[in-house]
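My questions concern the predicted model and sequence given below.
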Number of protein chains: 2
Amino acid sequence: MTQPSRALAGRPEATSHAEIEQAAFRLFAERGFEGTTMDAIAAEVGVGRRTLFRYYSSKNDIPWGQFDRTLEGFRQILDDMPTDIPLHEAVHRAVVAFNDFPDNASPPHRQRMRLILETPALQAHSVLRYAEWRTVIAEYVARRLGLEPDELVPSVVAQVSLALALTAYEQWLRLPEASLRELLGRAMLSLRVHLGVDIEERPNGASDLPQSAKTSGSIE
Amino acid sequence: MTQPSRALAGRPEATSHAEIEQAAFRLFAERGFEGTTMDAIAAEVGVGRRTLFRYYSSKNDIPWGQFDRTLEGFRQILDDMPTDIPLHEAVHRAVVAFNDFPDNASPPHRQRMRLILETPALQAHSVLRYAEWRTVIAEYVARRLGLEPDELVPSVVAQVSLALALTAYEQWLRLPEASLRELLGRAMLSLRVHLGVDIEERPNGASDLPQSAKTSGSIE
DNA sequence: ACAATAGATGCACTCGATGCCAAAAGGGAA
DNA sequence: TTCCCTTTTGGCATCGAGTGCATCTATTGT
């Protein structure tokens, strides 16, 4: 929608989502999120303030950028999951896959997530995004179990999946060396241990981590 | 601080938190949250707009009211939990106890929670409150395990506990007849079943519910 | 050159939030 | 009673996010 489809007529777009985000992040980095006004961003981009609001409906939406499009991918990942593995395994793998970035090329992603997770106004605003994300999971769970998305089990699974993902991200920001996929695995394992789940055989060898098992094992 | 301690000198307070909340909820009910301006609330209370902001630092804070004081109670409930029961059991019981209201006398509480959980602006704002609530749990878990509150396991437990509580509240609004404590129990049970936990003996007989077991049992 | 189209932008306005400061309202002591 | 001290009130000005409306501008197609 940014490059591919050129309108058949009409005034060309004065800027792009990408350009706005770059300018915005530049300002956020030097003045902080609260300290950056929409006027300032508009000036930096070289566009009218009113125009900015047509690209992003609110200042809080800028850091999330293209999240909507990403959700499509998430839905796809879930749909492609094999149906012969346990539901919890499928959901967990999908969450891991969704957050499996080029890893080393993640500095910009880390910066974005740090901004989102550490700025109060954005922490608050993000709930609305998380709700869409949870809906994707709830719908998948509901489909596999023959339930409605707003029933108890789909809701619980979606909400808990988000809880684990948020915890993993928190730790990811705290521990510069850990990888997100590793932390997601450890978070899930911690929960299982906490709830007293028997540590059964785990098909995906990548998720098992001696440290977390040792730490979590000391529970009670 | 509202009634007990009268200042030794100075102008008396023109209103109270309780009075403001009543007036505000009255207006929210008839015009909706977004449709109610701070000016309108101030007028309804019969006080200056500026004064309103000294009682509640933001419009979003009004529906939460006395939540801060409630948190003290929550901390207390956790501290009073017996240490000879499993950690997950202690946390769960504390969450249930914290949300165990007079039950039938809950219409006002239900109305408040409905407003909070269904108004986008409040959904977003509430994250900040939830964070404090999670901290209480994380600190308790950390203390019992000899860890720091910001480490993985305490974070996971706190975040998942919130996830379960939010799910239970969602269902509570959806199902007029169900009790919150029952829903919290069912949410926890659902999670255990989902993760493949063996349904072992449960010390507290109150949490087991045939319906939930049946529903959750149909997983896979 | 002209029409049609889609986007850009200025303007005015609402509303939440904040800093500053003078006025109001009570208690206590001279 | 009167004056002083204390505390809260609340008016005023200001900032910044958002929004509706009207108008202008840059392109493509005829």
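Everything's here; your move.

hmm, the helix ranked longest in chain A in reach of DNA strand D?
Ordering each helix of chain A by length in residues (DSSP state H) puts helix A:120-145 first. No. Using Cβ under 7 Å from any atom of the strand, helix A:120-145 stays clear of DNA strand D, with a minimum separation of 8.0 Å. Just so you know, the C-beta spots here come from the backbone N, C-alpha and C atoms, and that holds for glycine as well.

could you check the angle helix B:120-145 makes with that helix?
80 degrees (axes from the mean of the first three to the mean of the last three Cα atoms, to 10 degrees).

looking only at pLDDT, what's the mean for helix A:120-145?
Mean pLDDT, computed over helix A:120-145, is 97.

tell me which residues of it are tucked away?
Under the neighbour-count criterion of 16 or more other Cβ atoms under 10 Å in any protein chain shown, helix A:120-145 has A:122-127, A:129-130, A:133-142, A:144-145 buried.

Quick one: list the elements packing against it.
Counting by 3 or more Cβ pairs under 8 Å, 6 or more residues apart in numbering or on different chains; DSSP states H and E, the packing neighbours recorded for helix A:120-145 are helix A:67-79, helix A:87-98, helix A:107-118, helix A:152-174, helix B:120-145.

Now render those as a markdown table, adding distance to B:Ala187.
Supplementary listing: the helices and strands packed on helix A:120-145 in a markdown table, determined by distance: least, Cβ to Cβ, whole Å:
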| stretch | distance to B:Ala187 |
| --- | --- |
| helix A:67-79 | 22 |
| helix A:87-98 | 15 |
| helix A:107-118 | 25 |
| helix A:152-174 | 5 |
| helix B:120-145 | 15 |
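
just so I know, which of those helices lies nearest B:Arg110?
The closest of the helices and strands packed on helix A:120-145 to B:Arg110 is helix B:120-145. By Cβ to Cβ, the value is 14.9 Å.

picking up where we left off before, the longest helix of chain A and DNA strand C in contact?
No. Against DNA strand C, helix A:120-145 shows no contacts by Cβ under 7 Å from any atom of the strand, the least distance being 10.2 Å.

Could you verify my assumption that A:Val156 touches B:Leu164?
Yes. The pair A:Val156 / B:Leu164 is scored as a contact, 6.8 Å apart, by Cβ atoms under 8 Å.

With neighbour numbers in mind, choose between those two.
The residue with more neighbours, out of A:Val156 and B:Leu164, is A:Val156; 29 against 25, by other Cβ atoms under 10 Å in any protein chain shown.

Now do the contacts for that one.
B:163-164, B:167, B:187, B:190-191, B:194 (Cβ atoms under 8 Å, 6 or more residues apart in numbering or on different chains).

So which of those is surrounded by the most neighbours?
In terms of neighbours by other Cβ under 10 Å, the contacts of A:Val156 top out with B:Ala187 at 29 neighbours.

Give me the residues contacting stretch A:82-99.
The contact list for stretch A:82-99 (Cβ under 8 Å, 6+ apart) reads A:70, A:73-74, A:77-78, A:81, A:137, A:140-141, A:144-145, A:157, A:161, A:164-165, A:168, A:180-181, A:184-185, A:188, A:203-204, B:194-196, B:219-220.

Show the buried residues in these.
A:74, A:77-78, A:81, A:137, A:140-141, A:144-145, A:157, A:161, A:164-165, A:168, A:180-181, A:184-185, A:188, B:194-196, B:219.

Enumerate the residues of chain A near DNA strand D.
Counting by Cβ under 7 Å from any atom of the strand, chain A comes close to DNA strand D at A:8-12, A:36-39, A:50, A:53, A:57-60.

mind running it again at 10 Å?
A:6-14, A:33-42, A:48-50, A:52-54, A:56-62, A:121, A:125 (Cβ under 10 Å from any atom of the strand).

Write a ChimeraX command that selects only the buried members of those.
Here is the ChimeraX selection string for the buried members of these, based on 16+ other Cβ under 10 Å:
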select /A:33,36,38,41,42,52,56,59,60,62,125
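
For the residue in chain A that DNA strand C sits nearest to, grab phi and psi.
Going by Cβ to the nearest atom of the strand, DNA strand C is nearest to A:Gly10 of chain A, at 2.0 Å. Main-chain torsions, A:Gly10, degrees, to the nearest 10: phi 100, psi 160.

domains in chain A, as residue ranges please.
Domain assignment for chain A, taken from automatic domain parsing, gives A:17-63, A:66-217.

Worst mean pLDDT among these?
Among the domains of chain A, domain A:66-217 carries the lowest mean pLDDT (a mean of 87).

can you give me how far that one is from the chain middle?
For domain A:66-217, the distance from its own C-alpha centre to the chain's C-alpha centre is 9 Å (Cα atoms, centre = their mean, to the nearest Å).
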